[in-house]
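Undergrad: Curious how this folds, go ahead:
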Amino acid sequence: MAAPVRIVVAKPGLDGHDRGAKVIARALRDAGHEVIYTGLHQTPEQIVETAIQEDADVIGLSVLSGAHMTLFRKLLDLLEARDARDIVVIGGGIIPEDDIPLLKELGVAEVFTPGAPTTRIVEWVRTHVADDSAAHA
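TA: Down below sits the predicted model:
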């Protein structure tokens, strides 16, 4: 079996609703991954620092505030500045369908909108991150 994927699940900004992030974190943990949940009200700087310190393979950003374009752009710029763009960034939350292609152009690997089954998210990580990291081991 491949080594577990290390995933930082984060809630940036002032959004105080983290039930969905906790459900996703639990599903990923139950699937055998190592999950670090950063808690509420994290800055992009804090999230990137945590991901680097924890040697994360993935950052999962949950955004419900409508500030997704700004927050993802800042996070990706910080990863670039820290030479950590090998960390895969995925996102979820209330993100308009029209913004998803723009986020992917910025470098977000995948976006999961409300109602996405946890099994789909777990499967995406398994096929796009776990299998890829096993191939490079």
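Undergrad: The helix or strand hosting residue 111: how far from the chain's middle?
TA: Element membership for residue 111, per DSSP states H and E: strand 110-112. Relative to its parent chain, strand 110-112 has a centroid offset of 9 Å by Cα atoms, centre = their mean, to the nearest Å.
Undergrad: That strand pairs with which strands, parallel or anti?
TA: For strand 110-112, the paired strands and their directions (DSSP bridges) read strand 88-93 (parallel).
Undergrad: Measure how buried the closest residue to residue 104 other than its chain neighbours is and give me the count.
TA: Of all residues not flanking residue 104 in the chain, residue 111 sits nearest, at 7.3 Å (Cβ to Cβ, 6 or more residues apart in numbering). From N, CA and C alone the C-beta is placed, and that goes for glycine too. Burial of residue 111 is recorded as 22 neighbouring residues (other Cβ atoms under 10 Å).
Undergrad: thinking again about what came up before, for the strand holding residue 111, what is the average pLDDT?
TA: Mean pLDDT, computed over strand 110-112, is 98.
Undergrad: hmm, who's touching it?
TA: With Cβ atoms under 8 Å, 6 or more residues apart in numbering as the contact definition, strand 110-112 has outside contacts at 90-92, 95, 100, 103-104, 120-121, 124, 128.
Undergrad: Can you pull out the low-pLDDT segments for the chain?
TA: For the chain, the stretches with pLDDT under 70 are 1-2, 132-137.
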